[in-house]
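*Asks:* just need the structure, nothing else, for what follows:
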Amino acid sequence: MVMRKILLLFFISYYVVMVYGQNIQTTRMMYGDSSRIGQPYTKDPFVVNFKGRYLMYYTIPAAKDQSIGWGIGIAESSNLMNWKKIGELNPLSSDSHEYRGICAPCAIIRDGKVHLFYQTYGNGSADAICHAYSLDGVHFERNRTNPVFRPTGDWNCGRAIDAEVFNYKGKYYLYFATRDKAYKRQLLGVAVTSANSTFDRGSWKQACSAPILEPVLPWEGNCVEAPSIIKRNGKLYMFYAGNYNNSPQQIGVAESEDGLTWRRCFTEPFVPCGQKDEWNSSESGHPGIFDDKKRSYLFFQGNNTNGKTWLLSNIEVLWNKKLPYLVMN
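*Replies:* Presented below is the predicted three-dimensional model:
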């Protein structure tokens with residue numbers, strides 16, 4: 001009888017541990033698109049809630065045979081955890097700006113349409129921001145004036161990547177990453193347009209004559225990029241990536257009252273890279289903050305292969321009256 005009780009307790013304990021362990025494994029979103037190169041390579045996430053479903057736009061690499069350049073994948077979800085790929089937006093082979101690739105999407109919802117902002121890829125200092133729109137979130141019509149924005153001024157090389165568009169105080173703010181004239185340091189800038197803008201080329205007015213954020217902290221190396229904006233506590237918060245990929249790239253936070261002048265909230269990374277052997281030990285990078293039903297989720301990319309593979313995940317961001325914070329699993 002005693003032995004039978006011991007065995008029963010053992011199997012109950014084993015079952016609890018197994019079920020609990022499975023729950024731990026399923027509490028973290030992990031998404032990888034292997035369609036292009038046979039292994040997960042999925043970067044630059046951006047999520048919206050459109051017509052009752054979550055859509056995630058992200059970067060996918062060129063095909064192995066180079067038959068198609070870098071593109072934008074589209075996945076849908078009902079719970080922000082499980083994602084299914086439903087489409088792609090690929091570069092136009094006939095377009096002198098796009099044919100090498102497009103990537104780093106940002107999406108906003110206006111007047112029943114998804115407006116997608118993305119960058120050209122592989123053109124060096126000539127890379128620029130483009131715009132497209134969609135009635136269903138999957139099939140897009142390009143802006144006839146593409147590319148719609150490149151920066152000017154002595155402080156940058158003319159390049160614009162990593163678009164983030166946010167509506168604030170009656171204007172749309174276009175945040176972008178660029179580089180200095182030496183093409184060494186990655187910097188952030190901003191342009192603005194009206195609330196009823198067509199988003200065409202010429203509608204954007206550059207709103208800075210110097211970087212609005214540049215790398216100064218040791219962990220940021222020579223790079224700040226991938227700005228992602230949310231409004232909380234009557235001000236804007238910018239989640240941004242510091243350092244170049246796998247250097248390691250990590251995520252910081254800055255705040256602003258006017259959308260133009262920014263100050264850092266922390267001197268250390270808000271989301272650091274993982275420890276050795278964790279899925280994101282090579283980096284936690286390129287954030288995409290998503291507000292949904294009064295809850296905030298930070299999507300980001302990571303890997304532990306020094307960039308041979310890439311996965312996407314998310315973590316909930318909590319807020320007090322002053323700052324965002326995390327409760328780490």
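*Asks:* ranges for the helices of the protein?
*Replies:* Applying DSSP state H to the chain gives helices spanning 2-26.
*Asks:* now it, which segments are flagged as low pLDDT?
*Replies:* Within the chain, the segments meeting pLDDT under 70 span 1-26, 328-329.
*Asks:* now the nearest residue to Asp44 once chain neighbours are set aside: how far from Lys181?
*Replies:* Distances taken as C-beta to C-beta, 6 or more residues apart in numbering put Thr59 closest to Asp44, at 4.2 Å, once the chain neighbours are dropped. The C-beta positions use only the backbone N, C-alpha and C, and glycine is treated the same way. Thr59 is 27 Å from Lys181, where distance means C-beta to C-beta, to the nearest Å.
*Asks:* give me the number of residues near the residue nearest to Asp44?
*Replies:* Neighbourhood size, Thr59 [other C-beta atoms under 10 Å]: 26.
*Asks:* go ahead and confirm it touches Phe46.
*Replies:* No - if you go by C-beta atoms under 8 Å, Thr59 and Phe46 don't touch, sitting 9.8 Å apart.
*Asks:* overlap in contacts, these two.
*Replies:* Residues touching both Thr59 and Phe46 (C-beta atoms under 8 Å, 6 or more residues apart in numbering): Pro105.
*Asks:* picking that back up, so what's the residue nearest to Asp44 up against?
*Replies:* 42-44, 70-73, 103-105.
*Asks:* next: Asp291.
*Replies:* When contacts are counted by C-beta under 8 Å, 6+ apart, Asp291 is found next to Ile230.
*Asks:* so what pairs up with it in the strands?
*Replies:* Going by DSSP bridges, Asp291 is paired in beta bridges with Ser296.
*Asks:* Phe117 versus that one, what's the distance?
*Replies:* Distance, Asp291 to Phe117, by C-beta to C-beta: 18 Å.
*Asks:* need the contact partners of stretch 239-246.
*Replies:* Outside of stretch 239-246, the residues within contact range by C-beta under 8 Å, 6+ apart are 186, 188, 213, 215, 217, 219-230, 249-254, 269-270, 282-283, 285-289, 298, 303, 306-307.
*Asks:* repeat that for stretch 308-316.
*Replies:* Taking C-beta under 8 Å, 6+ apart as the rule, stretch 308-316 contacts 28-32, 39-43, 45, 56, 58, 80, 271, 279-280, 290, 295-303, 326-328.
*Asks:* restricted to strands, list those residues.
*Replies:* Using DSSP state E, the members of these that fall in strands are 43, 45, 56, 58, 290, 295-303.
*Asks:* would you reformat the residues you listed as a markdown table and include neighbour count and distance to Asp127?
*Replies:* Shown next, in a markdown table, are those (neighbours: other C-beta atoms under 10 Å; distance: C-beta to C-beta, whole Å):
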| residue | neighbour count | distance to Asp127 |
| --- | --- | --- |
| Lys43 | 25 | 16 |
| Pro45 | 26 | 20 |
| Met56 | 27 | 23 |
| Tyr58 | 28 | 18 |
| Phe290 | 22 | 25 |
| Arg295 | 12 | 34 |
| Ser296 | 18 | 30 |
| Tyr297 | 17 | 28 |
| Leu298 | 24 | 26 |
| Phe299 | 24 | 23 |
| Phe300 | 28 | 22 |
| Gln301 | 25 | 19 |
| Gly302 | 25 | 24 |
| Asn303 | 27 | 23 |
